[in-house]
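S.K.: Please work out how this folds:
(one chain, ligands or ions: 2)
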Amino acid sequence: MKKARLYSGMQPSADSLQIGNYIGALMQWRDLQETYDAFFSVVDLHALTQPNDPAELREKTRRTAAQYIAAGIEPSKSTLYVQSHVPAHAELAWILSTITGFGEAGRMTQFKDKSQRYGSDATSVGLFTYPVLMAADILLYQTDIVPVGDDQKQHVELTRDLAERFNGRYGEAFRVPMPVIQQETARIYDLQNPLAKMSKSAESEAGVLWLLDDPAASAKKIMRAVTDSEGAVRYDRENKPGVSNLLVIYAALTGRQIASIEDEYAGRGYGDFKKGLADVVMAEFEPVRARAMDLLGDPAELDRVLAINAARAAEVADETLAKVYDSVGLLRRA
Ligand code: AMP
Ligand code: TRP
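M.R.: Numbering: from 1, shown residues only. Ligands and ions are numbered 1, 2, ... in the order given. Below is the predicted model:
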């Protein structure tokens, strides 16, 4: 039986991924690649919507790819590639932009938030069409499911609308994908501000655990994580967001139930619990970090693997794009 197709991606927006990316995306991707025909991209074209130093963007792109592999995405099993290596993404994005409403794109909450924050002169057209490029990513591969965080759900809904509109107007060209939204238990919050999602672009470093950071630095951040004055290791998202967040991290990395961790630390203070969590995080991150550093030590080999995967991706993407060009009436090159 043919496996269902899965597509997801992440922007190369930092030198290191943070533990939220690891638990909320990479760990799930690693599991999903066993049952799906999975495509994972490093979406460097999307990253251009933020100001970037060119040399740094190149480095972040390699680093992000290396961390995918180090976390267990296998480039022989999944198709792991860099978005800009497959020109069909930009080409399909143009076609899709011609069937996207101006108002429709303007209703995307991520665009509204960002354009309000930066002001209209600092807001690029690229930021406006960002979701159209994301739709192209997904639709090129005849994708069945798209695992994403809930902030991306609206973009996947737009993707579905565009696929249906195109199919209705020009004939079947795209499979209509389903979003698979990340579970609340996979959402990680900032260690210093446990009401805010942990993010690569957090204002303060103190609340973010980086996959490639020095293990001692991560341990220190865990020991200083915000908790509460009750002193009991107990899951209660509303009243104890800090401790609950640490419990979620502990459970996600060990595969244990939260209740069993609560039992283990019953009657012991937060110090013991944090020490235990620091050990868990260090044990998990150390081999990932070592493998990523290994891969980054031989960029030529990493680039070679990415090129092979890009060729595999292009085969699928080019087939969809050719069909789309034909459907809309572009003259074939003789
Ligand atoms: P970002 O770094 O925001 O581009 O996120 C890339 C992916 O990582 C998204 O698909 C999210 O699902 C996941 N992710 C990012 N931050 C978190 C977090 N704090 N908790 C869980 N998942 C996250
Ligand atoms: N916009 C997504 C994010 O910020 C990244 C992304 C780009 C993506 N293209 C995609 C995710 C296609 C899933 C499928 O997280």
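S.K.: for the chain, what spans make up the strands?
M.R.: 5-10, 37-42, 79-82, 145-148, 178-181 (DSSP state E).
S.K.: Output these in CSV, with mean pLDDT appended to each entry.
M.R.: Below are the strands of the chain laid out as CSV (pLDDT from 0 to 100):
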stretch, mean pLDDT
strand 5-10, 98
strand 37-42, 98
strand 79-82, 98
strand 145-148, 97
strand 178-181, 96
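S.K.: JSON lines please, covering those and showing distance to residue 225 and mean neighbour count.
M.R.: Any C-beta I mention is one placed from the backbone N, CA and C, and that applies to glycine too. Output for those, formatted as JSON lines (distance: least, Cβ to Cβ, whole Å; neighbours: other Cβ atoms under 10 Å):
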{"stretch": "strand 5-10", "distance to residue 225": "25", "mean neighbour count": "23"}
{"stretch": "strand 37-42", "distance to residue 225": "30", "mean neighbour count": "25"}
{"stretch": "strand 79-82", "distance to residue 225": "32", "mean neighbour count": "25"}
{"stretch": "strand 145-148", "distance to residue 225": "27", "mean neighbour count": "22"}
{"stretch": "strand 178-181", "distance to residue 225": "27", "mean neighbour count": "16"}
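S.K.: for the ones you listed, which one sits closest to residue 279?
M.R.: Shortest distance between residue 279 and the strands of the chain, using Cβ to Cβ, is found for strand 5-10: 27.6 Å.
S.K.: Which secondary structure elements does that closest one sit against?
M.R.: If contacts are counted by 3 or more Cβ pairs under 8 Å, 6 or more residues apart in numbering; DSSP states H and E, strand 5-10 sits against strand 37-42, helix 125-140, strand 145-148.
S.K.: Contact partners for residue 254?
M.R.: Taking Cβ atoms under 8 Å, 6 or more residues apart in numbering as the criterion, residue 254 is in contact with 261, 280.
S.K.: gap between it and ligand 2?
M.R.: Here residue 254 is placed at a distance of 26 Å from ligand 2 (Cβ to the nearest ligand atom, to the nearest Å).
S.K.: need the contact list for residue 149.
M.R.: Residues counted as contacts of residue 149 (Cβ under 8 Å, 6+ apart) are 24-25, 181-182, 187.
S.K.: Then residue 211?
M.R.: The contact partners of residue 211, taken as Cβ under 8 Å, 6+ apart, are 16-19, 21-22, 67, 71, 285, 288-289, 292.
S.K.: And those, which is closest to ligand 1?
M.R.: Set against ligand 1, the nearest of the contacts of residue 211 by Cβ to the nearest ligand atom is residue 21 (4.1 Å).
S.K.: Could you check how many residues crowd around that closest one?
M.R.: Neighbourhood size, residue 21 [other Cβ atoms under 10 Å]: 24.
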